[in-house]
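Peer 1: Need coordinates for the following:
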Amino acid sequence: MQKTITTLALAALVLSCKGEPKTEDVVDELSEMAAEDTGEWQYLFDGTSLEGWRGYNAETMPPGWVIVDSVLTFKTELGLEQDYEGGKDILYAAEEFDNFELYLEWKLPEGGNSGIFYHVKEGYDGPPVVAPEYQLIDDENYARIHDLTEYNLSLGYTENPGELKPLQQTGADYAMHPPDPGKTLHPVGEWNSSKIVFTPERVEHWLNGEMILSFVPWDEAWEEKKNSDKWKNSPAYGTFKKGYIALQDHASPIWFRNIKIRKL
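Peer 2: Residues are numbered from 1 along each chain as shown. Sure thing, here's the model as predicted:
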């Protein structure tokens, strides 16, 4: 009841301001305030529009990212056909988020690879060097199709360097925290659901309705992990407390749907 009264009061305030705003402006403003009041879900992609989305460090969407059958799709062939310079990672640029619960559904092809980034800031080579990543990858087939030996050796993995390591598997906080090895990952070509819950006290990664890892951001253990592995030469990595949500192009097809977020 209190929230209803508050919303009505805000409506009266907006309508009484000097000059008469357009009806749609009032509705939009009230919807935004109500969402903040109740922690309601806000769609970043609802299957009908790419409004708010653009390329990282760009003003438009990179080629290859299209809507097909209400699904946000990356078509590698379409991207390669066009003369384009620059990365093809994309971000929702209409708003930055600090504490949130992000939910989306996704699927990959055999050997596919992608990721979900948060607290993204622009002006860097790409999201991976500045923003934490929820890893999306074909755990079963990726190492069979792609040679990881040189890459893993560069990270100091001398034992079985050709295999996909736990810190690189689906659901990992990439190169920082591994997922539960007993997680439920649906086969390639089938839909999975992922959720990221971020607060300064605790971060959670969920996969198909199960929490698969959690950690405390920016504590002593986090700093030690950051400075001991892949990110030791990336000083900005994970340091921002607010930023964009981004999705990764990793040279393979990828499908996303039902991308929504609520503020915490």
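Peer 1: Find me the pLDDT at Lys3, would you?
Peer 2: The per-residue pLDDT reported for Lys3 equals 42.
Peer 1: ditto for Leu153
Peer 2: At Leu153, the predicted lDDT confidence score is 95.
Peer 1: where does it fall, helix, sheet strand or coil?
Peer 2: For Leu153, the reduced secondary structure class is helix; criterion used: DSSP: H, G, I helix; E, B strand; the rest coil.
Peer 1: hang on, it packs against Pro161?
Peer 2: Yes: look at Leu153 against Pro161 with CB atoms under 8 Å: they come within range, at 4.9 Å. Glycine gets a C-beta too; all of them are placed from N, C-alpha and C.
Peer 1: Please give the element, helix or strand, for the residue nearest to Leu72 when sequence neighbours are not counted.
Peer 2: Counting by CB to CB, 6 or more residues apart in numbering, Leu72 lies nearest to Phe256, which is 4.3 Å off, once chain neighbours are set aside. Per DSSP states H and E: Phe256 is located in strand 254-263.
Peer 1: tally of neighbours for Glu51?
Peer 2: If you count neighbours by other CB atoms under 10 Å, Glu51 ends up with 10.
Peer 1: Renumber starting at 734 from here on
Peer 2: Got it, first residue is 734 now, which makes that one Glu784.
Peer 1: OK, contacts around it?
Peer 2: Under the criterion of CB atoms under 8 Å, 6 or more residues apart in numbering, the contact list for Glu784 reads Ala827.
Peer 1: Is it in a helix, a strand, or coil?
Peer 2: Reduced to three states with three-state DSSP, the structure at Glu784 is coil.
Peer 1: quick one on the thing from earlier: who has more neighbours, Leu886 and Pro894?
Peer 2: Looking at Leu886 and Pro894 with other CB under 10 Å, you find the greater number of neighbours at Pro894, namely 17 against 12.
Peer 1: about what we covered before: buried stuff in the strand holding Phe989?
Peer 2: For strand 987-996, a neighbour-count test (16 or more other CB atoms under 10 Å) marks 987-992, 994-996 as buried.
Peer 1: ok, so of the residues you listed, who is nearest Leu805?
Peer 2: The shortest approach to Leu805 among the buried residues of strand 987-996 belongs to Phe989, at 4.3 Å (CB to CB).
Peer 1: wait, what's in contact with that closest one?
Peer 2: For Phe989, counting by CB under 8 Å, 6+ apart, the contacting residues are 778, 804-806, 837-839, 980.
Peer 1: which element is Glu896 on?
Peer 2: Using DSSP H and E, Glu896 falls within no helix or strand.
Peer 1: circling back to that earlier point, look up which residues are beta-bridged to the residue nearest to Leu805.
Peer 2: Here Phe989 sits in beta bridges with Leu805, Trp839, as judged by DSSP bridges.
Peer 1: gap between it and Phe778?
Peer 2: Summarising the geometry, the distance separating Phe989 from Phe778, computed by CB to CB, to the nearest Å, is 7 Å.
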